[in-house]
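**Student:** Sequence first, then the predicted structure:
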Amino acid sequence: MAHHEHEHERGHIGPATYYKVFAALMVLMFLTVGAWWVEGMLNIPRALGVFIAVAIASTKTVLIVLFFMHIKVSSRVTQLYAVAALVALLFMFVITMGDYFARGWPPELGPLP
Amino acid sequence: MATTALPGRNYLEEDATTIGAWLKAWFLTVDHKRIAILYLLSINFFFLLGGLAASVIRVELITPQGDLLSADLYNRAFTLHGIIMVFFFLIPGIPAVLGNFLVPLMIGARDMAFPRLNLFSWYLYMAGGIFALTAAIFGGVDTGWTFYTPFSSTYANSNVILTITGAFIMGFSSITTGVNFIVTIHTMRAPGMTWFRLPLFIWASYATSLIIVLATPVIGITLLLVAIERLWGVGIFDPALGGDPLLFQHLFWFYSHPAVYIMILPGFGVISELIAAFSRKRIFGYEFIAFSSMAIALLGFLVWGHHMFVSGQSVYAGLVFSFLTMLVAIPSAIKVFNWTATLYKGSISYRTPMLYALGFIGLFVIGGLTGIFLGIVAINIHVTDTYFVVAHFHYVMVGGAIMAYLGGIHYWWPKMTGRMYNEVWGGISALIIFVGFNMTFFPQFIVGYLGMPRRYHVYPQEFQVLHVLSSAGATILAIGFIIPIIYLTISLWKGAIAGDNPWDATGLEWEVSSPPPTHNFTTTPVVTREAYDYPPDAAEVDAANWRPGSPL
Ligand code: HEM
Ligand SMILES: [Cu+2]
């Protein structure tokens, strides 16, 4: 049947790539700290600051998942599972934020923090 | 397949001559069947402990005054009960015992994909258990199994950290088991064992593993955050520190609602096997049952807010959660209808496992339907935090998950041990459990609806009748749980030799000898038939052959 075979399809990631990814992660780390500095100095709106921080963090996550966790060279099923985990996370964030967003509605219930 | 002569030695037989070798052969085994036995013993031990805590609670509630326990001690008693039952019995129960034993056998594999990881998961389970027990010995916890903040993170002065460490470690045990099942089912199926020939227990285990792998990390992180807030005062959940307590509830229930399906889905799988085997029919609507497991796994992630209707979450969020909650009931109902349709015109034999299966269907319907009541915001506000909720979840967890566990243990006992248990005592105790269970928990619907809050040890005089009824029922229930322990143990020595297939059932696990050989299959089985491939006329033939005095 269709098992045992696809064990050989698994790709390989060499140390050179690991070092490159590691360097990229370090750059992103400094970018995170830098962004926090710049935000404080230039009075950037908080929402934009959060957006930038989350964008940098997501990039780091993607790099780690793709290279360190080998998802880039894994079988289709493994990739599907990685995506499923992200979908579950999306459910968690979207629905929880939906509650926060609608917390004070309707206004006669009073504004909640 | 070898069906008569024993091919090699069975997994229980021992070459070990010294105690050290024997210990090694069991505690360092990588045989999935031996690991299942380790789990069976340890999980049942935790079940008895949790039951002991429950007995203390029920004794206290016989009178309206708090005469046995102080309020504080009572809090610790129900917390111990909840934590042990949820984290150390119901969540690992069916997957780790029956799943470990059966998944490789049912799909025609020699073991799990990662046998050492499997052993490791048992050690993680025991380590988590030891943390929780240590917490109990040093005075226990009083937060409830739900660990609500800011009480747990700031105000409680009981052993919160030890306990959540235990739950945290136990979570990893779940995850390793889940990963193992997923990889095993994907990669180790025997030739010809296509996805739609898998027994439904495998589908259920697969869906359960999916939930475990996707949801459990969230509870791990959440408990870690509680510990961080408690230890270092970092404001996450405590409003006094700038945190948000509702964030905890969101994260906790994001895991714990799916977790109720971790408890019940494997039970659904067991019931599908039992109903087919004792109706001697191909299960009705195989694909629907298989896919409804997957639908439950998916939808279960979208409804957690129904535990938070009165928490102060947005009323609009409540509205959406209420609507989504109604949707989860659909796949559960699909299963019940399909089981009922399988029974129709089947050749039903009322053997002990079947009694549990029939009990399961009735009790789960009550539990599920009262879940729908609770999912309606208006009713929920009335009965929130009352015994109505307590009755609901005991109908699904005890009436559902435990009935399935016991049914499964009885059904596969001859396979696990090679011996039959005493059928008469089996039937009697199944009946005692059914009666005791209903007597314990049905009055709780009423007393809850009338306003008895959960988690209190004193109550108004007028509730006493119902509480006494409940405690009396609990006594009967306890007797019902103890009898099987006795006759199952006796059967290990006195039981009749079971033979390979005592129920005349289908499935690869019944084609190997009982107990199965260490490596399960001497030659790799090749599957050419559908699951539950009972001859179409099996029911008629059975009916024609029945004589007074044959087993029912
Ligand atoms: C058929 C679908 C189900 C529905 C619609 C449902 C609905 C609900 C709702 C709305 C609540 C919240 C009640 C409240 O706290 O006010 C609840 C509580 C609960 N349910 Fe269910 N339920 C279902 C199935 C299950 C199953 C299968 C289990 C476990 C095997 C379960 C276990 C629990 C537990 C443990 C609680 C109480 C949690 C706590 O506050 O300690 N439910 N259910
Ligand atoms: Cu729920």
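**Tutor:** Great, that's in hand. Ligands and ions are numbered 1, 2, ... in the order given.
**Student:** Could I get the full set of strands for the stretch 401-550 of chain B?
**Tutor:** Remark: no strands are assigned in the stretch 401-550 of chain B by DSSP state E, counting those that start in this stretch.
**Student:** and it, which of its residues are near ligand 1?
**Tutor:** B:Ala401 (CB under 6 Å from any ligand atom). The way it works is simple: take the backbone N, C-alpha and C, and place the C-beta from them, glycine included.
**Student:** residue ranges for the helices of the stretch 401-550 of chain B, please.
**Tutor:** Defined through DSSP state H, counting those that start in this stretch, the helices belonging to the stretch 401-550 of chain B, from first to last, are B:403-417, B:423-449, B:464-494, B:538-545.
**Student:** Just the pLDDT at the residue in chain B that ligand 1 sits nearest to, thanks.
**Tutor:** For chain B and ligand 1, the shortest gap (CB to the nearest ligand atom) falls at B:Gly371, measuring 2.5 Å. pLDDT recorded at B:Gly371 is 94.
**Student:** Any idea how many residues pack against it?
**Tutor:** 20 (other CB atoms under 10 Å in any protein chain shown).
**Student:** tell me which element residue 53 falls in.
**Tutor:** As the question left the chain open, I've gone with chain A. helix A:46-63 (DSSP states H and E).
**Student:** Not quite, go with chain B.
**Tutor:** For B:Ala53, the enclosing helix or strand under DSSP H and E is helix B:32-60.
**Student:** and that helix with ligand 1, contact?
**Tutor:** No. Taking CB under 6 Å from any ligand atom as the criterion, helix B:32-60 and ligand 1 are apart, separated by no less than 13.7 Å.
**Student:** ok, now which ones touch residue 35?
**Tutor:** No chain was given, so I picked chain A. A:Ala35 makes contacts with A:49, A:52-53, A:56, as judged by CB atoms under 8 Å, 6 or more residues apart in numbering or on different chains.
**Student:** not quite, I wanted chain B
**Tutor:** Counting by CB under 8 Å, 6+ apart, B:Ile35 has contacts B:29, B:100, B:118-119, B:122.
**Student:** Filter those residues down to the ones in helices?
**Tutor:** Here DSSP state H is the test, and these give B:100, B:118-119, B:122 as lying in helices.
**Student:** Can you select the buried ones from those in PyMOL?
**Tutor:** The PyMOL command for the buried members of the ones in helices among the contacts of B:Ile35 (criterion: 16 or more other CB atoms under 10 Å in any protein chain shown) is given here:
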select buried, chain B and resi 100+118+119+122
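**Student:** between the ones in helices among the contacts of B:Ile35, which is nearest chain A?
**Tutor:** B:Asn118 (18.8 Å; CB to the nearest CB).
**Student:** TSV please, covering the contacts of B:Ile35 and showing distance to chain A and pLDDT.
**Tutor:** As requested, those are exported to TSV (distance: CB to the nearest CB, whole Å; pLDDT from 0 to 100):
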residue	distance to chain A	pLDDT
B:Thr29	25	92
B:Asn100	20	96
B:Asn118	19	96
B:Leu119	23	97
B:Trp122	24	97
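**Student:** Quick check: the farthest pair among those?
**Tutor:** B:Thr29 and B:Asn100 (11.5 Å; CB to CB).
**Student:** which element follows the top helix by length along chain B toward the C-terminus?
**Tutor:** Secondary structure of chain B per DSSP H: the longest helix is helix B:245-279. Proceeding N to C from helix B:245-279, the next assigned helix or strand is helix B:286-299, under DSSP H and E.
**Student:** Run through the residues of the stretch 1-150 of chain B sitting next to ligand 1.
**Tutor:** So the stretch 1-150 of chain B meets ligand 1 at B:Thr146 (CB under 6 Å from any ligand atom).
**Student:** Give me the buried entries from the contacts of A:Ala35.
**Tutor:** Among the contacts of A:Ala35, those buried by neighbour count (16+ other CB under 10 Å) are A:49, A:52, A:56.
**Student:** Name the nearest of the residues you listed relative to B:Gly144.
**Tutor:** Out of the buried ones among the contacts of A:Ala35, the member with the shortest distance to B:Gly144 (by CB to CB) is A:Gly49, at 38.1 Å.
**Student:** isn't the closest one right next to A:Glu39, touching?
**Tutor:** Yes. With contact defined as CB atoms under 8 Å, A:Gly49 and A:Glu39 form a contacting pair (4.3 Å).
**Student:** Find the residue at the geometric middle of chain A.
**Tutor:** When CA atoms, centre = their mean is applied to chain A, the residue found nearest the centroid is A:Ser58 (3.1 Å).
**Student:** low-scoring stretches of chain A, by residue?
**Tutor:** Applying pLDDT under 70 to chain A flags residues A:1-11, A:106-113.
**Student:** now the helices for it?
**Tutor:** Under the criterion DSSP H, chain A carries helices at the ranges A:15-42, A:46-63, A:76-101.
**Student:** for those helices, which one sits closest to B:Pro536?
**Tutor:** The nearest among the helices of chain A, by CB to CB, is helix A:76-101 at 36.0 Å.
**Student:** Could you list every helix and strand that that closest one packs against?
**Tutor:** In this structure, helix A:76-101 packs against helix B:200-232, helix B:245-279, helix B:315-343, with contacts taken as 3 or more CB pairs under 8 Å, 6 or more residues apart in numbering or on different chains; DSSP states H and E.
**Student:** deepest of those, which one?
**Tutor:** Highest mean neighbour count of the helices and strands packed on helix A:76-101: helix B:245-279, a mean of 26 (counted as mean count of other CB atoms under 10 Å in any protein chain shown).
**Student:** ok, B:Leu205 touching B:Pro266?
**Tutor:** I think there's a mix-up here, since residue B:205 is Ser and not Leu. Yes. Using CB under 8 Å, B:Ser205 is in contact with B:Pro266, at 6.0 Å.
**Student:** shared neighbours, these two?
**Tutor:** With CB under 8 Å, 6+ apart as the test, B:Ser205 and B:Pro266 both reach B:95, B:99.
**Student:** does B:Arg110 count as helix, strand or coil?
**Tutor:** Secondary structure, DSSP: H, G, I helix; E, B strand; the rest coil: B:Arg110 is coil.
**Student:** how about the helices of the stretch 401-550 of chain B in TSV, adding mean pLDDT, distance to chain A and mean neighbour count?
**Tutor:** Converted to TSV, the helices of the stretch 401-550 of chain B look like this (pLDDT from 0 to 100; distance: least, CB to the nearest CB, whole Å; neighbours: other CB atoms under 10 Å in any protein chain shown):
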stretch	mean pLDDT	distance to chain A	mean neighbour count
helix B:403-417	96	25	25
helix B:423-449	96	27	20
helix B:464-494	95	36	17
helix B:538-545	73	29	12
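**Student:** Kindly reformat those helices as CSV containing distance to B:Leu251.
**Tutor:** Output for those, formatted as CSV (distance: least, CB to CB, whole Å):
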stretch, distance to B:Leu251
helix B:403-417, 29
helix B:423-449, 27
helix B:464-494, 33
helix B:538-545, 50
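**Student:** Just list the residues touching B:Thr176, thanks.
**Tutor:** The neighbours of B:Thr176, taking CB under 8 Å, 6+ apart as the test, are B:117-118, B:120-121, B:124.
**Student:** Could you rerun that using 7 Å?
**Tutor:** B:117, B:120-121, B:124 (CB atoms under 7 Å, 6 or more residues apart in numbering or on different chains).
**Student:** and what of B:Ile57?
**Tutor:** By CB under 7 Å, 6+ apart, the contact set of B:Ile57 is B:77-78, B:81.
**Student:** Outline the domain layout of chain A.
**Tutor:** A:1-74, A:75-113 (automatic domain parsing).
**Student:** Tell me which of those sits nearest to B:Ser471.
**Tutor:** Nearest to B:Ser471 among those is domain A:75-113; the distance by CB to CB comes to 39.4 Å.
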